[in-house]
Each structure stands twice: as C-alpha cells, then as structure tokens.
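Asks: Turn this into a structure:
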Amino acid sequence: MNLVITGNPGVGKHTIADLFTKQNSSYQIFDINKFAIEKGLGEQTDDGIEVDTKKLKNEIQKLNLEKLLIVGHLAPYVLDESNIEYVIILRKNPYELIKIYEKRKYQNQKIKENAGSEVLGVIANDSITSFGKEKSFEVDATDKTPEVILKRIQDIMNNQESGDIVDWLKLIEEKNEMNKFFDY
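Replies: You can find the predicted model right below:
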C-alpha cells in the first residue's frame, strides 16, 4: 500500500513524513522533488524546484512503487492513481503560509502564487481529480503539532476518521483581502 502526502510548500509534508516513517518502519520515503533532481528533471531555483512533470511522470512509472510514503506537491501531476491507497492533502492557513514563505525568502510573486493556490485549494482539487474522492483526504495542519497531524492520518488510514473540509476563501473574503493573494 502506498501513501501520498501532498500539499503546498510549507504545510509540513516532510516533517510529517519523517515522523510517520519513524513510527512505521515498514514504509520508506520517496521524495518526488529529490527524485526529479537526481534524474535531471528538476532544477533548483530561488523559489523552489522547476520540474518537467511529463518526463518525471514517465520516469516514476518505470519504478516499482510498493509500500512507500510518497511526498511532494507534484503528486497529483506525476503519479498513477492505481498505485495509491491514500492521499493526505495537508492544508494550512494561507496567512501562516505567507509567514513561512517570507522566512524562506521566496520572491513576492512566488509567495502570492503559492498562498493563492492554498486559498483556492488547487492541490486538493487536483489530488481529488487525479486519485479520486474516496482516496483523498484533506487535513488542516494549521496550529497543530506534527504528532496530532500524524494521529489524524493514522485514524484516516484505519477508517476511524474522515478528512477535514477546508475553505480558506471564506476567511479571505471576510477580511476583504483578495488582493493579498491574487492579481486582478
């Protein structure tokens, strides 16, 4: 069984993956971005990694993916849903993400792009489209410890809990700050 942890940059994917594999040693982490760079399909930039997703998908399809914890925001664009049992989409308050991106010294346009993507739920939507609603579960990671998030994921995998319903658009509308996230 393969598990995917995806979500926008800064939501805690790698932190959760590391904690998960410490508690579930039968899983190994497969980092999509690292694999892309190793294969020469990704290029490190100031704002992250630029990847040729078509070539990356072809390379990943050549692999025997079994009992892996697959990590990366590109998951919905490069993985075949038949190899995936669960998809956890970590979500985080976009105002918190802006702080994380500023600490990471992202350029303003990249901050707006990633935070705007979180507001609209782009990765969540694309994950549900790619993997199916029955395999895709959103988890709001805002103000939660990694241990609490991991417990939620384990409960989802044990069919004891469903995912969260996350809608940041209402928050942004209430604050009347659409221009903080979108150029229009």
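Asks: Quick one: residues in contact with stretch 162-170.
Replies: Stretch 162-170 has contacts (CB atoms under 8 Å, 6 or more residues apart in numbering) with 88-89, 91, 93-94, 118-121, 124, 136-140, 156. (C-beta placed from N, C-alpha, C; glycine too.)
Asks: Can you tell me which of the residues you listed has the largest number of neighbours?
Replies: Of all the contacts of stretch 162-170, the highest neighbour tally under other CB atoms under 10 Å goes to Ile89, namely 31 neighbours.
Asks: Pretty sure that one sits against Lys133.
Replies: No: Ile89 lies out of contact with Lys133 (CB atoms under 8 Å); the separation is 11.5 Å.
Asks: how about the helix or strand where Asp155 lies as CSV, C-alpha atoms only?
Replies: Here Asp155, judged by DSSP states H and E, is contained in helix 146-157. What follows is helix 146-157, C-alpha atoms only, in CSV (Å, rounded to 0.1, in the frame of the first residue of the first chain):
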residue,chain,number,x,y,z
PRO,A,146,3.2,17.0,13.9
GLU,A,147,2.1,14.3,16.4
VAL,A,148,-1.6,15.5,16.3
ILE,A,149,-1.5,15.6,12.5
LEU,A,150,0.1,12.1,12.3
LYS,A,151,-2.6,10.7,14.6
ARG,A,152,-5.3,12.2,12.3
ILE,A,153,-3.6,10.5,9.3
GLN,A,154,-3.4,7.1,11.2
ASP,A,155,-7.1,7.5,12.1
ILE,A,156,-8.0,8.1,8.5
MET,A,157,-6.0,5.1,7.4
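Asks: immediately after it, which helix or strand?
Replies: Next along from helix 146-157, by DSSP H and E: helix 168-175.
Asks: Would you mind listing the buried residues in that next one?
Replies: 168, 172 (16 or more other CB atoms under 10 Å).
Asks: And the very next helix or strand once past that helix, what does it pack against?
Replies: Using DSSP H and E, the next helix or strand after helix 168-175 towards the C-terminus is helix 178-181. Counting contacts by 3 or more CB pairs under 8 Å, 6 or more residues apart in numbering; DSSP states H and E, helix 178-181 packs against helix 108-120, helix 168-175.
Asks: Which among the ones you listed is found nearest to Phe181?
Replies: Phe181 lies closest to helix 108-120 among the helices and strands packed on helix 178-181, at 4.2 Å (CB to CB).
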